[in-house]
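fold the following.
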Amino acid sequence: MNCDRVVFTRDIVEGLRGQPIVSISQRQSGYQNLPEDLLNSSKLNLRKLDLSGNSIHRLMDRLLQAHTGLEELRLADNLLGDSLNPIFSSNEFHGMKQLKLLDLSRNGLRSIEEGILKGCESLEQLYLDGNNLTTVPTMSLKGPTSIRVLSLSGNNIGSVARAAFSMVGESVLRLDLSENELSHMEDDALSGLERLLVLNISRNDLTRFNSDVFKGAYNLLQLDLSTNFLREFPSDALRHLTELKFLNVSNNLIDAIDQAYLSGVKELQVLDLSRNNIGRLGVNAFSSLSELTRLDLSLNALRTIEESSFEGLTKLKWLSLQDNNILLVPATSLNRLPSLAHLHMEFNRVAALPIELIEATASSLVTLVLTRNLVREIPAGLFQDFEMLVSIELSGNMLTTIGPDTFAGLEETLLELDVSSNRLTSITGGELLLRKLLSLNLSGNRLTRIPPETFQRLDSVRYLNLSSNPLYGGFPPVLPSTVLDLDVSRTDLRILPAVLLLNLQSLERISLGGNRLEKIEEGTFERLENLSRIDLSANLIERIDNGAFVGLSNLYQLNLRGNRLSSFAGEHFDTGTGLELLDLSSNRIDRLSPTAFAIHPRLRELDLSDNRFLHFPSEYLTPLQFLERLDLSRNGLKRVGEFAFSQLGRLRTLNLAANWIESVEELAFHNSTQLQLLDLSGNGIEGFSERTMEGLLRLEHLDLRDNRLSSLPETIFEPSRVRSVESIDLSGNRLNEIPMKSLQSQAGSLSRLETPFLKRLNLSGNRLTELGSSILQRATMLETLDVSRNRLPDFAGAIAALESLPALRSLDLSGNRPRTINESVTFDRLTSLRFLEISHLPDCTRIERNAFKPFANLRSLSAHDYPKLGYFDIQGILKGMSKLETLDIEIKDSSVGNEQLSIRSHPRLREVILRGDRLRSVLSSSLVGVRVPKLTVGIKNTSVDSMPAALFFPVPRSTELHLDISQSKFTTLSAQFLAALDERTGTVTINGLAYNPIVCNCHASQLWKWLRAANHNHRHHPSNLVRCSAPVHLAGSSLTNLTEDMLSCNNSSSTFYLDRRPGAVHHAVDRPGTVATPSKPTPANISGTDDTLIIGIVAGVVAFIALIVIVICVCRFRWSGRVDETRRFAAAIAASTIPDASVIRPASAYSGKINHDAYLGSYNGGSTLDRGNTAMPATSMPTTPVQIMPFLQPPIHLMHTLVPPVSAHPHSHSQSQAQLQQFYGYCEGSSLPIYVTCSTTQDTKCDR
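Have a look, this model is predicted:
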């Protein structure tokens, strides 16, 4: 019987008496002790009892003795460790002979009494996860003889001693020690565990293993060593595990794999080596693993795979080479894998699918994943011989078109096809003949029209995604009738055409978000009786007609967030619905009809935040007896009246934050007995009466921050009103001292703060000048303390008070007034601290690195905003913090790189925020070593004005990147850097552009284009609504609202002469006598990749070598007197050695000279956005004298500008501008195809 979050009254207990109930769950019901009425009076024969998530803090009444048949007892997430005695003791478990499962996870247990499980003869599973144990509780395990599963995950265990599990060794099959702080395991630590089959020691701090550490566990089948700090494969330690089948060593620091490493584990079936630093695979590295069926090599540094790498893997079925920067599918290596069924090569740089792939895998391949590669086309009939292929994932490539021939041969086998986020502009050739297809994803392309016949043969498709395509008006007349889930969000829909919903009687879910719908008409969803979820968010809907949602009796979720609704009525529906989730947030609603919610009696979650309510009558909520969550934040409510939110028996979360509330009347929440979270933050409340919180018996979290409270009534939290508040946030008020008398009511009359249930205490933004050493002495369960933005003159007294908090994990000391932080401010006893904020110290002049030595276990550090600090030893402070995951720090140097941040030594870093007005540059090496799946990088409040294009090159391509550059000095983002971001399309977001001094000139053209590009949804973030700071005539204008020709660097009389030919490079050609200005950058196709950089560099080297050869040849031929022949010969060589990445630029119109780089220049002169074909600014191209290149003189018919010089005659200005206009073209007769400028008035033989 599931009675979670329900309080049993006496009548309910009486009703249960004698019933055949064997299992009861009462999680999160607010119990502080075991429920005596239920366990003693009901006479139930219970076998399973779940009381997790309550506030039970003692087990001493032997209430469970009467339930001799109890087999499962779950007491996780309670407060059993909340005691002045650090040793948890209880007699409740004694003699429970039938008990098989006991869960005491996350109770704050620090130590466990010896013999606590005495008499539990049948106990098979014991869970002690997430407590504060520092050692393996060897003696506490004495008693049970049948334990099969022992879980100690998520504790603070630092080492495992010899024979630590001797008490359970004969029976235990599975042992979990993950997420501890293990740095050492002694030899024979697992001795006696002969029956152990599964061992998990992942997410610890192990750097190596002793040779005999696994001795004794001879029958081990599964071993997880992932997310440690191993630098070498532990082959010596594994020699004892000859029966091992599963081995996970992912997310370590291993850099090589050789055959010898794996010779001792020949029975392996699954091997995970992902997220290491493996740069090579030894010859026949896996040849000894003939039983291997699954191999994961993803996220390493394997650019190439040797032919012999997979020799011997005849049974391998699943292979992942994801994110290794592989350029070619290793078809020759795959030939050694006759059983391969699943191939994962996403996030590499594969540009083509070779015919060898077919030969290697056609007979066995079931799944092919090539997501986020560089595939441009799929040859017709490529998959003709694939007999078993059921899933193809090609998302995020460069495909421009697909058709029936693309997947020929898969008509009767293919079930899933994903070609999303490509460049598809059309689906050609008629029908897709994939009759068995269940899922088709075409989202994120450039489709403007889908032909009517395209989907006619898709007889089985269930999921169809057409989102993020400019399809307005381009939908086919009929969609497949079998579709259950349809996504047409962000397709520029302005109305809901009947064609979309015609023939979709089976439809269950539809997403129409992010379009331009203005109204929902009557009967729009008529006849869609199976529809359960509708998403209409982020449209422009102002009106919903009566009957718009008629006939939707199965509707479960309706999302109307982010529209322009001013009202909502029940008349939109015709009959009662099963609606449970309704989101009306971010509209303009200021009124509701009396029937608005009466027609939805089963509503559980209602979001009305960010609307315009000034008053919210309680009558709206009367019919909603199942309501659990109500959000009215960010409205205009001014008061909470009497009984406003009373009698809501199931309400658990109420959010009234960010209104204008000045008063909360008595009994406002009367009899809302299940309310657990109440948020009143961000209002103007000055005080409460003693009865304000009356009736909130289960309140756990109360948020009162940012109000005007100067005090609290002493009896407001009396146990008769509020039983167990776990967290109270009082920050940002007007308190002069801790309101101890109010808080003491939780435990009675005490002379000091004693709140046994308090886990989080926020006292920030007050006027505290000291924190007495005894105030927090008995708050033994306190885990989070915030005393920021107070007036503490030093931290010595505060640290003394904190020493009595053994469970403290998070501490915020920011915004206080200390002058120094040195070794005398000892943090030695705060070794359990995981999160530290120590920022905004305006008077601090000295911070010593030794003060941070005790923080070796720190997960998060925030240390910035020290205006008087001259030197900050970041490298010294971070040394030893290898477990650091988030870092927010101030840089006092002018530049920062990997030397200071040492990310290689902090491989778990997932958030790095750099601050400081002295910081001017970020080196491209800064992020070397990052390996996390999600990374946040912040460059905030700095003087940085540019970003190296290679900054993210060391970061895995599959890593989701979030970049925040708020409050820095960026005037634009370079084309190269934008290209690097575009390389990661779909996995990168950027915020904070609006908070930089963006200059709207020609250098911002690529940023303009990037922001306007389709599919960059993050550009809509408010921090990216960029406004120009310069030039003066554009100041204040929105960058994306400008036209490209307004982004000019032309401050003189220079004229832009443009080549009329498609694809030509545009250049600014200055008239004689004018000041040369940088040419306007050509808008480039933002599709460059890091491969372009590599190819460009190689091409440049080749060109340079060719140039040397040419010069030598010219000199030798000149010496021989054969000048004319020499010139022709050198020109021929030059023509044959110009690399693809070279840029051919026009001759200068005013000098008649040729720039040498224009012919033999490498990629580096161009932009990554168009693979080196964009002109460099004129100022960056040095003029090379003609004498340097004799082979390009008149004998090869080079044509100089044919435009007459500017005449000095006063009437010359009347000459037609068209006559002076120049263009670039090929000129006949030359031995090299050279771009030159030609006059439109001259009779030249030039191909325009």
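
alpha carbons only for contacts and neighbour counts from here, please
Noted.

can you mark which positions in stretch 949-966 are buried?
Across stretch 949-966, burial judged by 16 or more other CA atoms under 10 Å covers 949-953, 955-966.

following element in sequence after the one helix or strand residue 510 maps to, please.
Using DSSP states H and E, residue 510 sits within strand 509-511. Downstream of strand 509-511, the first helix or strand assigned by DSSP H and E is strand 519-520.

got a list of contacts for that following strand?
Residues from elsewhere that reach strand 519-520 (CA atoms under 8 Å, 6 or more residues apart in numbering): 495-496, 540-545, 548.

separate out the buried members of those.
Burial by neighbour count, 16+ other CA under 10 Å: within these this picks out 496, 540-545, 548.

ok, longest strand in the protein?
Criterion DSSP state E: the longest strand present in the chain is strand 934-942.

next one: that one to chain centre, how far?
Distance, stretch centre to chain centre, for strand 934-942: 14 Å (CA atoms, centre = their mean, to the nearest Å).

could you do stretch 613-625 as well?
For stretch 613-625, the separation from the chain centroid amounts to 38 Å (computed by CA atoms, centre = their mean).

now stretch 56-75
The answer for stretch 56-75 is 42 Å, by CA atoms, centre = their mean.

average pLDDT across it?
Stretch 56-75 shows a mean pLDDT of 86 in the predicted model.

confidence-wise, which helix or strand of this structure is lowest on average?
The weakest-scoring helix or strand in the chain, judged by mean pLDDT, DSSP states H and E, is helix 1157-1160 (a mean of 34).

residue 970 is in contact with residue 992, isn't it?
No - in this structure residue 970 lies outside contact range of residue 992 using CA atoms under 8 Å: 10.3 Å.

show me the shaky parts of the stretch 801-950 of the chain.
825-826 (pLDDT under 70).

mind listing what's buried along stretch 159-176?
Residues of stretch 159-176 classed as buried by neighbour count (16+ other CA under 10 Å): 159-161, 163-176.

helices of the stretch 751-900 of the chain, start to end?
796-802, 874-878, 898-901 (DSSP state H, counting those that start in this stretch).

including mean neighbour count and distance to residue 819, could the ones you listed go into TSV?
What follows is the helices of the stretch 751-900 of the chain, written out as TSV (neighbours: other CA atoms under 10 Å; distance: least, CA to CA, whole Å):
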stretch	mean neighbour count	distance to residue 819
helix 796-802	18	12
helix 874-878	18	18
helix 898-901	17	25
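
what sits against residue 998?
Applying CA under 8 Å, 6+ apart, we find residue 998 in contact with 970-972, 1026-1030.

out of the residues you listed, which are buried?
With neighbours counted by 16+ other CA under 10 Å, the contacts of residue 998 contain buried members at 970-972, 1026-1030.

residue 357: which element?
helix 355-361.

ok, and for that helix, which residues are buried?
For helix 355-361, a neighbour-count test (16+ other CA under 10 Å) marks 357-358, 360-361 as buried.

that helix - contacts with which helices or strands?
Under the contact definition 3 or more CA pairs under 8 Å, 6 or more residues apart in numbering; DSSP states H and E, helix 355-361 sits against helix 331-334.

packing partners for the helix it packs on?
Using 3+ CA pairs under 8 Å, 6+ apart: helix 331-334 touches helix 355-361.

what residues does the helix it packs on touch?
Residues outside helix 355-361 that contact it (CA under 8 Å, 6+ apart) are 329, 331-332, 334-335, 337-338, 340-341, 382-383, 385-386.
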